[in-house]
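Undergrad: One predicted model, sequence on top.
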Number of protein chains: 2
Amino acid sequence: MEPLTERQRALLKIIVGDYISSAMPVASELVAGKYALKVSPATIRNEMAALEEMGLVTHPHTSAGRVPTDKGYRYYVESLMEEAELPQVEQLMIQHQFHQVELELDQWLRLAMAILAHSVQSAALITPPVSARSRLRHFELISVQEDLALMVLVLQGGTIKEQMLSFDRPLAQGELSAIANRLNPLFQEATAEQIQGKLNQLGGLERQVAAVLAKIMRQLDDLGHQEVYHNGLTNILSQPEFSQVDRARQILELLEQRSVLSAVMPQVLMSEGVQVIIGAENPWEKLRQFSMVLSRYGVEGEAAGVLGVLGPTRLPYWRAISTVRFMAQLMSRLLGELYG
Amino acid sequence: MEPLTERQRALLKIIVGDYISSAMPVASELVAGKYALKVSPATIRNEMAALEEMGLVTHPHTSAGRVPTDKGYRYYVESLMEEAELPQVEQLMIQHQFHQVELELDQWLRLAMAILAHSVQSAALITPPVSARSRLRHFELISVQEDLALMVLVLQGGTIKEQMLSFDRPLAQGELSAIANRLNPLFQEATAEQIQGKLNQLGGLERQVAAVLAKIMRQLDDLGHQEVYHNGLTNILSQPEFSQVDRARQILELLEQRSVLSAVMPQVLMSEGVQVIIGAENPWEKLRQFSMVLSRYGVEGEAAGVLGVLGPTRLPYWRAISTVRFMAQLMSRLLGELYG
DNA sequence: ATTAGCACTCTCATGTTGAGAGTGCTAACT
DNA sequence: AGTTAGCACTCTCAACATGAGAGTGCTAAT
């Protein structure tokens, strides 16, 4: 395909920008007037026809203005958008909000979502950070009933996991504590595999407990990203593209049954930088109508999660990308504090 | 107001029942035909007019059938509905599902929601159980950075709460453990107040840690019910009353900003049995369009939460009430196991 | 290469119409 | 007395018609 002329690039930029903010097909006259190009509407129409030829825009019907296609959005994101950096003022305001909140992972996640949703006016997604290979910091056994105990694992990075545990004979709290006290030093900073490896050196109850430990930690490593929090649904329901309810229901289904999203997340986890997935580029059928801007965040080699936004393809990409990038950096730094 | 005749009661029951399942205004001819009453449509019209006089039904316009008012639903729930007990088969199926899930509070909550939402075809709500007066079972201090530690509290009933804690000087894990080991026996089964009471007997770091403990537990007692999980939004978006998006957005807003719901929950927590709140009976403006069927669940004197469903006033009250009642009993029993 | 001019197409809001649904009333019936 | 047939009346809803407005694409002039 021939490269775009400078004027075509300018025009496409106007079309995408205007459509993103107005949700109305962009007409040639509007462009000529509002953006004071030095050419007439007729010329713009010719250029628009050219852009349409290249598949960057369409029009919904003969007498409607132009609307960007997914490909048009892609071109915009790749080479029309100026470099995305959130204004200093906003950066400071966000940081300020984080300072007012307690030192708690859960609160950070919630706040991050709220900020994303509000800034981009779309739905926000976030998965809690999970280590690819979690390390045990400490665990406790707490008697609940005679033969039932609660196992509490604290992992490096402060993740906590609880699990009920039943024994084939009654055990007093004293015995449980003894087991924990013996195993804890042995498994200091251990991974699931390391615990598994030491199983043979143990016997009886200790072995049983250690086996459960290993199992839980393996589970955490495998399906740590099942959980996807979300927020800001009301934002996207206010968008005109969701004026039919079934469209709205689609996206709700997407978020309620976690399956699709938890399939996307691992992919993002592998990639560097901000990922932009526009409409039909999406490999998952049900997401074809939507766009996502996602980024991995976390501490190198320790733990990582994914955060980002989800909305109609008419997403304010500039805001989305700059906010997501900034939030990922911020969350990474905060998380770093937890890992020392 | 005069009491209803037996025939009027039968008629109202038919109207409510039919409207709940069909969402269409109920016409006199339909009633005469489908339900084979021994009277003509004309008579039924007369009776309908009487019911309307009493404010139990309305019609949306002159040539439409009758629709129950909130008052009509109330009458139905109070004295027309046969006693609500979920069929044995369903009870067993539900119990079966709980057996297939691990012994974990979080999983129970999720499952309970899923079952409620599916059975009633509406949104399901649940708050985790919280003690009015939590008792400490055990706590741990885990070093995160030099002067930063993670405090993990395990409460009676298995609730877990984590909290970051910073000191004014560096502390090694050894020191932290020592503090925990000394305080734990002292605060066995203690409430926030009891811990607070013993503060004076302590000094230095121990006092500092104990103060935080007391503070966290007080917080838990006070605002334990902020958290309201929900599920099944897609169900209610499929209902015809939500075919306009702004109606759908209303309910989403309700659930996303927790304020309204967390105002309702404490009320339910005080009451015995299943609470049915129909439309305009609702003291909260934003809930006037909806009905809720809620119940307290939990272990007497130990911990309690709220579960239930939320939907349009045209809610299948019978299913809702019987399912909510059953789930509350089941969850109470399960929770009882945790408290021994 | 650009542009004015204009015919053409499609949408959208508005109005019209008629069928259908269901009521409320009246007068007859039991 | 209560019940019912009959029927006029009201309102909704879908289908169709209409016309203004929006915006394009093309042609021919600049």
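TA: Yes, it's here.
Undergrad: Now residue A:269: which helix or strand?
TA: Per DSSP states H and E, residue A:269 falls inside helix A:259-270.
Undergrad: where in the stretch 201-340 of chain A is pLDDT low?
TA: Across the stretch 201-340 of chain A, the ranges flagged by pLDDT under 70 are A:223-225, A:340.
Undergrad: hang on, the earlier thing: and the helix holding residue A:269, what's buried?
TA: Buried positions in helix A:259-270, judged by neighbour count with 16 or more other CB atoms under 10 Å in any protein chain shown: A:260, A:261, A:264, A:265, A:268, A:269. For every residue, glycine as well, the C-beta is placed using N, CA and C.
Undergrad: Note down every partner strand of the helix or strand following that helix and its orientation.
TA: Helices and strands here follow DSSP H and E; after helix A:259-270, the next one along the chain is strand A:274-278. Neighbouring strands of strand A:274-278 in its sheet, by DSSP bridges, are strand A:290-299 (antiparallel).
Undergrad: helix or strand right after the strand it pairs with?
TA: The helix or strand immediately downstream of strand A:290-299 is strand A:303-312, counting by DSSP H and E.
Undergrad: what about the helix or strand following that next one, near chain B?
TA: Under the assignment DSSP H and E, the closest C-terminal helix or strand after strand A:303-312 is helix A:317-339. Yes - Helix A:317-339 lies within reach of chain B by CB under 8 Å from any CB of the partner chain, at A:337, A:338.
Undergrad: Determine the number of other residues adjacent to the residue of the stretch 151-300 of chain A found nearest chain B.
TA: Here the residue of the stretch 151-300 of chain A nearest chain B is residue A:164; by CB to the nearest CB that distance is 3.4 Å. For residue A:164, the number of neighbouring residues by other CB atoms under 10 Å in any protein chain shown comes to 18.
Undergrad: What sits closest to it if chain neighbours are left out?
TA: Once its chain neighbours are removed from consideration, residue A:164 has its nearest residue in residue B:103; the separation is 3.4 Å (CB to CB, 6 or more residues apart in numbering or on different chains).
Undergrad: Distance of the one you found relative to residue B:288?
TA: Remark: distance between residue B:103 and residue B:288 (CB to CB, to the nearest Å) = 40 Å.
Undergrad: Look at these two and report which has more neighbours.
TA: Here residue B:103 and residue B:288 are compared on neighbour count by other CB under 10 Å; more neighbours surround residue B:103, at 17 against 13.
Undergrad: How about the secondary structure of that one?
TA: Local secondary structure at residue B:103 is given as coil here, using DSSP: H, G, I helix; E, B strand; the rest coil.
Undergrad: what's the answer for residue A:215, then?
TA: At residue A:215 the chain is in helix, as set by three-state DSSP.
Undergrad: Counting neighbours, what do you get for it?
TA: Here the neighbour count serves as a burial measure; for residue A:215 (other CB under 10 Å) it reads 14.
Undergrad: rewinding a little: so the residue of the stretch 151-300 of chain A closest to chain B touches residue B:104, yeah?
TA: Yes - the pair residue A:164 and residue B:104 passes the contact test of CB atoms under 8 Å, sitting 6.0 Å apart.
Undergrad: ok, residue A:284 - contacts?
TA: A:260, A:263, A:264 (CB atoms under 8 Å, 6 or more residues apart in numbering or on different chains).
Undergrad: Alongside chain B, which residues does the stretch 101-250 of chain A contribute?
TA: A:102-104, A:137-138, A:140, A:142, A:144-146, A:148, A:150, A:152, A:154, A:158, A:160, A:162-164, A:166, A:231-234, A:237-238, A:242-245, A:248-249.
Undergrad: among those residues, which are in helices?
TA: Mapping those onto helices (DSSP state H) picks out A:233, A:234, A:237, A:245, A:248, A:249.
Undergrad: how much space between the first one and residue A:305?
TA: If I follow you right, that is residue A:233. Residue A:233 sits 20 Å away from residue A:305, taking CB to CB as the criterion.
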